[in-house]
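Engineer: Generate coordinates for the sequence data below:
(2 chains, ligands or ions: 2)
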Amino acid sequence: MNPVIPIRSAETLGCANTAVISEKGQRQVFCGLTGIIWLHRKIQDAFFLVVGSRTCAHLIQSAAGVMIFAEPRFGTAIIDERDLAGIADANDELDRVVSELLARRQDIKLLFLVGSCPSEVIKLDLSRAAERLCKQHMPHTRVLSYSGSGIETTFTQGEDACLAALTETLPARTSQGKHLLIVGTLADVVEDQLSLLLRKMGIDHFDFFPPRRSTTLPAIGPETVCVLAQPFLADTAKQLESKGVKRLEAPFPLGAEGTTQWLQVIAQAFAIDHTRFEEVTQAPRQRAEQSVARHRTQLQGKSITFLPDSQLEIPLARFVYQELHMKLLEVGTPYLHRQIMAPELEQLPSSTRLSEGQSLELQLDRCDADQPDLIVCGLGLANPLEAKGFTTKWSIELVFTPIQGYEQAGDLAALFSRPLARKLKLVA
Amino acid sequence: MRVATAMTNVHYVLHAPQGDTYADLLFTMIERLPRRPPVTYSTFQARDLGGDTAQLFKEAVANAFDRFQPQAVLVGSSCTAELIQDDPGGLARALNLPVPVIPLELPAYQRKENWGASETFYQLVRNLVKPADKDLSAAPHKPSCNILGPTALGFRHRDDVREISQLLQALGIEVKVIAPLNASVEDIRKLAQADFNVVLYPEIANTTAQWLERQFNQPYTRTIPIGVSATREFIREVTSLSELPIPVGLEDDMHSVWYSRSVDSTYLTGKRVFLFGDATHVVAAARFASEEMGFEVVGLGTYSREFAREVREAAKKYQVEPLITDDYLAVEEQIKHLHPELILGTQMERHIAKRLNIPCAVISAPVHIQDFPARYAPQMGFEGANVLFDTWVHPLMMGLEEHLLGMFREDFEFHDGAAPSHLGSSRVAETPVTALREVAQTELPKPITAQPASSAWSIEAEKELGKIPFFVRGKARRNTERYALEQGLSTITVETLYDAKAHFSR
Ligand code: SF4
Ligand code: SF4
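Structural biologist: Ligands and ions are numbered 1, 2, ... in the order given. Okay, the predicted model is just below:
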């Protein structure tokens, strides 16, 4: 394998032990309901029914309904005053809504009842409701529940909660042999590319989770190992581990380096020999490096701050540092899972300021003091920061764009260089 | 939030879970505001629920006050915080801040956004305007008014305010205060000094205007100046309130009336239009559509129950059944049933229109980012009428093109997939999040003829259907199938097709 070329040898690597600024205060993140935006596209026969208030309906409509021009496979069962008066009524109401929905939409094979803050505060037991409804509607439709509430989850954690719930239903694997489960929603194109690479290496028994259709849930067994493709899936990983699935520790497949390291961990677990690995990965890796290099000329030495949003921040920081040679100021993440992030933290310069949670105003003060060249932040903050003269990148685009794998490395780099290039271009 | 964000020196502290902070992006993204809304959230989490959420809220208020130094503080609860019953008003009062603290009780489980904005504005005014503020000693002065109702995130409020202020100035009326948009706490205090109030958006300003009328004898206007006739009526109303003559040359820049009469507009005659949105815009737009565009109003409705009466009355005028609902599926059903040729609605109707392949223009909030154009595009006044003419005609076929499309449907530029030439080459506007669309494409195409109970098309009939211009073909297909179903026909022949056409033609 090619040795990793040291970039700035002066810098010591490793953030695993650095103190983290842990903040509690006003946040600026989405709640987990937003995960529905991509999950309903991924699992094509699933429907997501949010049991919540008008605020939830509004969020999901303005965040998703406004953006996706198609019949959505999500909806909101609105809790109103009547339901607040009696939980029993709320349950009846829910049963009615679900029956109507399933009668109207025969194509729904999997229905998620998605909990919200209100349903949690009034202690509506959605898992019980799901069991009850499951009995009524199986085998045609399976009903599951998870919470996407803003008091429990932020943004991408909605996917974690959803997949953790789905893990319960994975069938047992009957066939022999080592089997790989790749966990986390990836764009179809990324899945296809990764599949090809794995097959070329000689790994044939693998599945992606979540699957594109709920009827093709991957089976797991004692010989299944899993690898995370997204960094925000701690609960799902835990669930899988509790079912005897071994988790491979790897950095995330972002950039040429990240992808190589991620594949390497898999290759090792499947005892793929070194030459074979090199043969398969060399060409795409070179392509990735070349396409990243084009953006490096623009980004080298530029400073960057990540505001907390999706938990992708740390792997992304590793990518922009390692491959684009950017200078990391602050890397904020809504939640830092040390174990899952360990392979990433090792590769960050120890000078990086890590922060977990958020106290928005204080964090913005630090931004003001730092004056980063680029700020990665949520949609609510981007325009106000631009108006103050900063250059920003919407973090949500990093969740909604295929960025994993070799062929996407250049696109990923472009997401960082484009805002700066644009700034140079505009004269008025 | 729409009221607080519109104003300059108030701050709103909202007791809410972290996810609710998404609301900021409605302003910074959709309206592209260059600043964050003046809102601080307590962002409590599950682990706080045990007991110290109240403390958390108090800290949030104190911190926000120190940092932003507002002249007035609004406090309230989101739906979730309502359930934990912390009493933000009491908690904030206990802090003894040196500025007015205005608690908002907006029962989110019963009421909706416009009502909330109206109530917020009313509470602000009630708490800030004191009787002593009315300047009774005033010597003879220029007639004056306030403009009430424009907020942040309103549909074209910014431009309407400019248009109507100019109009009032041209009439010789001084505009004292515009509120809440761009108003400060001091401005609000001065509200009582004007002679009368101009209510531009009754959904937001009626309650306040009524209170001001009771307290200070300030009359307020009822006409919404959308469309030429309504604008003229509005001018008569304000000039009579201020006893002024109407100056000449006021209507010089008006084009819509002539455009509407020009011969190319003949094709607009009787176009069947469906309207949905807030009551004010729907009623005004229906009048403009019918009287100034020559359309036929085939349906209208509103999501604002508080104003259902106004919409019902308008519906009577057009002899249609009004639709008062906030269920967009019901709206979609109604539209399917009525198969209009143009939809004037909100962002939700734009989605419906897209699904059903019907042209659509937006006339009311809630809106999309593209409804905050960079250019000046009011809905009110004479310029507003010009804008309405343009934007409503735009999604329809242009005069001769409609005929050409009918004649040369095999033409390589005029095929089924091609958009009307004036809409440019890409029919679907790209969203910045293109990846979503890629993911979206993986969805299985929905079978178009998934109607189990429908009749089968004979080959000849299918062929004949193909000869019908594509932009009405979908409608012809649906109508014919419906007709066949109603008549209990199992096969659709060429005759059925033309029978149906005769049956539905009006
Ligand atoms: S373009 Fe998309 S992200 Fe931007 S406001 Fe519209 S829907 Fe939201
Ligand atoms: S934060 Fe809670 S109340 Fe707000 S939208 Fe999310 S789930 Fe609903």
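Engineer: show me what contacts the residue of chain B found nearest ligand 2?
Structural biologist: For chain B and ligand 2, the shortest gap (CB to the nearest ligand atom) falls at B:Gly19, measuring 2.4 Å. The C-beta positions use only the backbone N, C-alpha and C, and glycine is treated the same way. Going by CB atoms under 8 Å, 6 or more residues apart in numbering or on different chains, B:Gly19 touches A:29-34, A:59, A:117, A:149-150, A:153-154.
Engineer: phi, psi of A:Lys246?
Structural biologist: Dihedral pair for A:Lys246: phi -90, psi 140, per degrees, to the nearest 10.
Engineer: Could I get the pLDDT score of the residue nearest to it when sequence neighbours are not counted?
Structural biologist: With sequence-adjacent residues excluded and distances taken as CB to CB, 6 or more residues apart in numbering or on different chains, A:Lys246 is closest to A:Val225, at 4.7 Å. pLDDT for A:Val225: 96.
Engineer: For the chain, give me the ranges with low pLDDT.
Structural biologist: This is for chain A. Under the criterion pLDDT under 70, the flagged ranges of chain A are A:1-10, A:62-73, A:80-88, A:428.
Engineer: Wait, chain B was what I had in mind.
Structural biologist: B:50-51, B:107-111, B:131-140, B:397-454, B:469-472, B:505-506.
Engineer: Pull the residues that contact stretch B:92-109.
Structural biologist: With contacts defined as CB under 8 Å, 6+ apart, stretch B:92-109 is touched by A:53-55, A:79-81, A:84, B:13, B:57-58, B:61-62, B:65, B:70-79, B:82, B:88-90, B:115-116, B:119-120, B:123-124, B:127-128, B:185.
Engineer: again, only this time at 6 Å
Structural biologist: A:54, A:80-81, B:61-62, B:65, B:71-76, B:79, B:89, B:116, B:119-120, B:123, B:127 (CB atoms under 6 Å, 6 or more residues apart in numbering or on different chains).
Engineer: burial count for B:Ile468?
Structural biologist: When neighbours are counted by other CB atoms under 10 Å in any protein chain shown, B:Ile468 registers 17.
Engineer: all strands of the stretch 201-350 of chain B, in order?
Structural biologist: Using DSSP state E, counting those that start in this stretch, the strands of the stretch 201-350 of chain B run over residues B:272-277, B:296-302, B:323-324, B:342-345.
Engineer: In CSV, list those along with mean neighbour count and distance to A:Phe319.
Structural biologist: Shown next, in CSV, are the strands of the stretch 201-350 of chain B (neighbours: other CB atoms under 10 Å in any protein chain shown; distance: least, CB to CB, whole Å):
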stretch, mean neighbour count, distance to A:Phe319
strand B:272-277, 26, 46
strand B:296-302, 24, 50
strand B:323-324, 20, 52
strand B:342-345, 28, 44
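Engineer: Of those, which is nearest chain A?
Structural biologist: Across the strands of the stretch 201-350 of chain B, chain A has its closest neighbour in strand B:342-345 (13.8 Å, CB to the nearest CB).
Engineer: who in the stretch 101-250 of chain A is up against ligand 2?
Structural biologist: With CB under 6 Å from any ligand atom as the criterion, the stretch 101-250 of chain A meets ligand 2 at residues A:116-117, A:149-150.
Engineer: change it to 8 Å
Structural biologist: Within reach of ligand 2 by CB under 8 Å from any ligand atom, the stretch 101-250 of chain A has these residues: A:115-118, A:148-151.
Engineer: In strands only, show me these.
Structural biologist: Judged by DSSP state E, these include A:Gly115 as members of strands.
Engineer: from the residues of the stretch 101-250 of chain A next to ligand 2, which single one is nearest B:Ala314?
Structural biologist: Nearest to B:Ala314 out of those is A:Pro118 (CB to CB; 35.7 Å).
Engineer: what sits against the closest residue to the closest one other than its chain neighbours?
Structural biologist: Here the nearest residue to A:Pro118 in space, its sequence neighbours aside, is A:Ser53; by CB to CB, 6+ apart that works out to 4.6 Å. Going by CB under 6 Å, 6+ apart, A:Ser53 touches A:79, A:118, B:79.
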